[in-house]
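A.B. asks: Could you look at this predicted model? Sequence included:
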Amino acid sequence: MSTQALIYLFVGISFALYIGIAIWTRAGSTKEFYVAGGGVHPVVNGMATAADWMSAASFISMAGLIAFMGYDGSVYLMGWTGGYVMLALLLAPYLRKFGQFTVPDFIGTRYYSKVARTVAVVCLIFISFTYIAGQMRGVGIVFSRFLDVDVTMGVIIGMAIVFVYAVLGGMKGITYTQVAQYCVLIFAYMVPAFFLSMMITGNPIPQIGLGSTVNDGSGMYVLQKLDESLQMMGFGPYTDGSKSMIDVFCITAALMIGTAGLPHVIVRFFTVPKASDARRSAGWALIFIALLYTTAPAVAAFARLNFNDSVNNTAYAEAPAWFTNWEKNHLIAWTDKNGDGVMQVAKGDPFKGAPEYTGETGAAGEQAVSNEILTDNANEVYVDKDIMVLANPEIGNLPGWVIALVAAGGLAAALSTAAGLLLVISTAVSHDLMKSTFKPDISEKGELLAARVAATCAIVVAGFLGIYPPGWVAQVVAFAFGLAAASLFPAIFMGIFSKTMNKEGAISGMVVGLAFTFLYIAYFKLWNPDANVAENWLFGISPEGIGVVGMVLNFVVALVVMKMSAPVPAHVGQLVESIRVPRGATGAHAH
Amino acid sequence: MSEDNPDTSAAAGAYWKKNIRLLITLMAIWFVVSFGFGILLRPFLDQFMLGGFPLGFWFAQQGSIYVFIVLIFYYAWKMKKIEREHDLDD
């Protein structure tokens, strides 16, 4: 069977599986739609959380980013796992004990204020939409690269699939499809990683292979060899970064705290039966996530090593098959600056911007580009970082079904995250805005219908953003974390650990944290991107890490305003006392 | 509610104190392995090797993640124990 036919088969089977599960587990009540009835086993929820969490970016792009960032890539590895410790220890069990449906539910009730609830809804929608547009784009890209369908059609197919199981199944349908999606994506990630590790080090476990010697007879360790080859090519060593220590520190912290404050992750812990289950479930989620996150740095190093060995100083006529294959897919390009017919890899950009292929072939048979050549460096090769994951099956000479598996895995990662995000957006509209704020007399049936209509609208908007991505989506998608860290996390944290924090403090904290972080990011990313260099940054902190400063501001403003305003009403103290002890947790209830 | 029953209220207070103490210990470990070993002390630790890994680099890309998992399961286990002692488990 041809590779193309296998890809259609694998993707088709996985889609049929997701839709089958959705029909089988469709939601009949708001409780099932919002929190899957509150009876999900902690291990199952852990697996669903892992799929929810690991997006197209984690699956397709992260290893490639690390491959080219080296040590600096650690910000993603620690940042996107360390947040689960904060979730399990500081937030999840208490929010589960509180026992309602949404993050704004908690903020609105704890701070006895519709204004606080509405501010939380605004933060939530803002964070979730920036995130989801990237996912729909990811779906479109996987379709176009593996299935020869154009991006628009790919996004529409993706929207249709998510529509069926998110709108029909709600949280209940999403939970069980995410379990299936986790299995598909982790299998698809690990199989090429095993083979790559085996090929390069002789040890099939990537986590151990990364610390082993290269089996080329040199006796050098993988990282040692990588450092050496990169330095010979004019790069800095792989195990040393180029970001300043304070920036690495702040980006890591912003990603960790942001993870703990992301609404679509938090609500997953509302679905388990008890507060103690929420703790265990976070542990299981991290195990399932760590499987991919400890493999990614190994894949990164292996792929970079392989890239250096097989591309640098190789005549184009002898380029490996994967190079020419992905050249046709426009993920890699070579321009022969010195006219020697040999590919040289070095520091710097080969030409300005992303490659614009002319459709013709150059002197050595390469796909020619029309970009302006940059002559201030010797680098001749352009690489889209995603290739470090997408081309792995071919680099490892793996059979066609592995390539098909990677395509299905990439789609599983994008769809599972998109569905989780759609759910929190629709819940925020139907539950927090309609039921709790503007139309409290709505019936259960009406609320369920509203949730489904809101989910449908959110899918259409997300799909539209995926098809016509405004320039800023790619720029700001990583900043959802900074915004979550600066707005929602402090409000939830103080709501649990302080009995005296009042609504005035919490609201002004959220507003100041969100506004400061948003303006800082928008200034450097949208209004004045030329100024986005370390000399202009506040304390040398890049826009990626500024959420930490926003969080500190949030805490300070909240505490100062609290001192100057009325104390909390008595019933709030009782609420805080009751969420602090696990006994008496009931299922999430309608109210 | 807890204030109606002084016994439960006292138990809840003692339980919360133990929880906070445990949280501070575990969050300190969380900070040390990631921000400490993986970032602030990395240049120093990188002079030691763990197999083929410079030690600081290993903490940043592997070790801290393993410690995170252990921290969560230890917390879940220890809290369950504390809750049983105070008769507050769910």
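C.D. replies: Arrived safely, thanks for sending. Model, not experiment: these values are computed from the prediction.
A.B. asks: make it CA atoms for all contacts and neighbour counts henceforth
C.D. replies: Fine.
A.B. asks: Isn't A:Ala193 up against A:Thr295?
C.D. replies: Yes: between A:Ala193 and A:Thr295 a contact is recorded at 7.3 Å, counting by Cα atoms under 8 Å.
A.B. asks: what do those two both touch?
C.D. replies: The overlap between the contact sets of A:Ala193 and A:Thr295 (Cα atoms under 8 Å, 6 or more residues apart in numbering or on different chains) consists of A:Pro206.
A.B. asks: Looking at the two, which is more packed in?
C.D. replies: With other Cα atoms under 10 Å in any protein chain shown as the criterion, A:Ala193 and A:Thr295 differ in neighbour count, and A:Ala193 comes out ahead with 28 against 24.
A.B. asks: Briefly note if the strand or helix carrying A:Val85 comes near chain B.
C.D. replies: Assigning secondary structure by DSSP states H and E places A:Val85 in helix A:74-86. Yes: contact of helix A:74-86 with chain B (Cα under 8 Å from any Cα of the partner chain) involves A:Ser74, A:Leu77, A:Met78, A:Thr81, A:Gly82, A:Tyr84, A:Val85.
A.B. asks: Mind giving me the PyMOL select for these, buried ones only?
C.D. replies: Selecting the buried subset of the residues of helix A:74-86 next to chain B in PyMOL, with 16 or more other Cα atoms under 10 Å in any protein chain shown as the burial test, is done by:
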select buried, chain A and resi 74+77+78+81+82+84+85
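A.B. asks: Need the residues of helix A:74-86 next to chain B in JSON lines (columns: distance to A:Asp384 and pLDDT).
C.D. replies: As requested, the residues of helix A:74-86 next to chain B are exported to JSON lines (distance: Cα to Cα, whole Å; pLDDT from 0 to 100):
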{"residue": "A:Ser74", "distance to A:Asp384": "20", "pLDDT": "95"}
{"residue": "A:Leu77", "distance to A:Asp384": "20", "pLDDT": "95"}
{"residue": "A:Met78", "distance to A:Asp384": "24", "pLDDT": "96"}
{"residue": "A:Thr81", "distance to A:Asp384": "25", "pLDDT": "96"}
{"residue": "A:Gly82", "distance to A:Asp384": "28", "pLDDT": "96"}
{"residue": "A:Tyr84", "distance to A:Asp384": "30", "pLDDT": "96"}
{"residue": "A:Val85", "distance to A:Asp384": "33", "pLDDT": "97"}
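A.B. asks: Same list (the residues of helix A:74-86 next to chain B) but as TSV, adding distance to A:Ala454.
C.D. replies: Converted to TSV, these look like this (distance: Cα to Cα, whole Å):
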residue	distance to A:Ala454
A:Ser74	37
A:Leu77	34
A:Met78	35
A:Thr81	31
A:Gly82	32
A:Tyr84	29
A:Val85	32
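A.B. asks: Quick check: residues of chain B near chain A?
C.D. replies: Counting by Cα under 8 Å from any Cα, the residues of chain B close to chain A are B:1-2, B:12, B:16, B:23, B:30, B:34-35, B:39-40, B:50-54, B:57, B:60-62, B:64-66, B:68-69, B:71-73, B:75-76, B:80, B:88-90.
A.B. asks: List only buried entries from those.
C.D. replies: Using 16+ other Cα under 10 Å as the burial test, the residues of chain B next to chain A include B:12, B:16, B:23, B:30, B:34-35, B:39-40, B:52-54, B:57, B:60-62, B:64-66, B:68-69, B:71-73, B:75-76, B:80, B:88-90 as buried.
A.B. asks: Can you flag which of those belong to helices?
C.D. replies: Cross-referencing these against helices under DSSP state H gives B:12, B:16, B:23, B:30, B:57, B:64-66, B:68-69, B:71-73, B:75-76, B:80.
A.B. asks: burial of A:Thr361, as a residue count?
C.D. replies: Using other Cα under 10 Å, A:Thr361 has 12 other residues around it.
A.B. asks: Might you report the residue contacts of it?
C.D. replies: Neighbours of A:Thr361 in contact, by Cα under 8 Å, 6+ apart: A:Gln367, A:Ala368.
A.B. asks: Can you read off the pLDDT for it?
C.D. replies: Reading off the per-residue confidence, A:Thr361 sits at a pLDDT of 86.
A.B. asks: A:Ile332 versus that one, what's the distance?
C.D. replies: Taking Cα to Cα, to the nearest Å as the criterion, A:Thr361 is separated from A:Ile332 by 14 Å.
A.B. asks: And the residues of helix A:74-86 next to chain B, which is closest to A:Thr30?
C.D. replies: Closest approach to A:Thr30 among these (Cα to Cα): A:Tyr84, at 27.4 Å.
A.B. asks: Pull the contacting residues for the residue nearest the centre of chain B.
C.D. replies: For chain B, the residue nearest the mean C-alpha position is B:Leu26 (2.2 Å; Cα atoms, centre = their mean). For B:Leu26, the set of contacting residues under the criterion of Cα under 8 Å, 6+ apart consists of B:Leu71, B:Tyr75.
A.B. asks: Let me know the pLDDT of it.
C.D. replies: For B:Leu26, the model assigns a pLDDT of 97.
A.B. asks: List the buried residues for the helix or strand where it lies?
C.D. replies: Secondary structure assigned from DSSP H and E places B:Leu26 in helix B:6-31. For helix B:6-31, the neighbour count (16+ other Cα under 10 Å) marks B:8, B:11-13, B:15-16, B:19, B:22-23, B:26-27, B:29-30 as buried.
A.B. asks: go on, stretch A:425-433?
C.D. replies: By 16+ other Cα under 10 Å, the buried positions in stretch A:425-433 come out as A:Ile425, A:Ser426, A:Thr427, A:Ala428, A:Val429, A:Ser430, A:His431, A:Asp432, A:Leu433.
A.B. asks: Show the end-to-end separation of it, please.
C.D. replies: End-to-end distance for stretch A:425-433, by Cα to Cα: 11 Å.
A.B. asks: I'd like the mean pLDDT over it, please.
C.D. replies: Averaged across stretch A:425-433, the pLDDT comes to 89.
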